[in-house]
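Peer 1: Just to be clear, the model below is a prediction. Sequence and coordinates:
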Amino acid sequence: MKFEVENKEKVAVIKSKVEKLDAIHAPELKSEIVMLSKSGMKNLVMDLSETRYIDSSGLSAVLVANRACRDANGTFVLCGLQETVMKLITISQLESVLKITPTANEAVDLVYMEEVEREL
């Protein structure tokens, strides 16, 4: 399996197991995101720590996840970005649109913090 999904309380963590998130792998990731969204999951963390390269198809999958969470009044956090991936996100000017943390644990903590804020 190219993507592992770990369901935690109120958040799903999607861990990419591919070195290149490109047109070959992005459709599988998008379908994973759609299935999670349809199952009622509104908070997603995407861990790209094992991904060294991402193209426009991969960025599209990231944006699909971000939109799905936003539309469900949830939170999407990207984490574990390697330097090459972060560089492309910066060039694409997506760092101002996406929530990004260094680690999956920090991403999950951010989701929980935003959940608490929404409940208030």
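Peer 2: Right, received. Where do you want to start?
Peer 1: Name the residues of stretch 50-60 that are buried.
Peer 2: For stretch 50-60, the neighbour count (16 or more other Cβ atoms under 10 Å) marks 51, 54, 57-60 as buried. The way it works is simple: take the backbone N, C-alpha and C, and place the C-beta from them, glycine included.
Peer 1: contact partners of it?
Peer 2: 15-23, 25-27, 29-30, 48, 62, 80, 82, 84-85, 88-89, 92, 94 (Cβ atoms under 8 Å, 6 or more residues apart in numbering).
Peer 1: mean confidence for that stretch?
Peer 2: Mean pLDDT, stretch 50-60: 96.
Peer 1: for stretch 106-114, same thing?
Peer 2: Across stretch 106-114, the per-residue pLDDT values average to 98.
Peer 1: where does the most centrally placed residue in the chain land on pLDDT?
Peer 2: Using Cα atoms, centre = their mean, the residue of the chain that lies closest to the mean C-alpha position is Met46, 2.9 Å off. Note on Met46: pLDDT of 98.
Peer 1: tell me the secondary structure for it?
Peer 2: Under DSSP: H, G, I helix; E, B strand; the rest coil, Met46 falls in the strand class.
Peer 1: of the buried residues of stretch 50-60, closest to Glu106?
Peer 2: Nearest to Glu106 among the buried residues of stretch 50-60 is Thr51, at 17.7 Å by Cβ to Cβ.
Peer 1: my guess is Glu95 contacts Ile89, does it?
Peer 2: Yes: judged on Cβ atoms under 8 Å, Glu95 makes contact with Ile89 at a distance of 5.6 Å.
Peer 1: Just want to know which of these two has more residues nearby.
Peer 2: Using other Cβ atoms under 10 Å as the criterion, Glu95 and Ile89 rank with Ile89 on top: 20 against 14.
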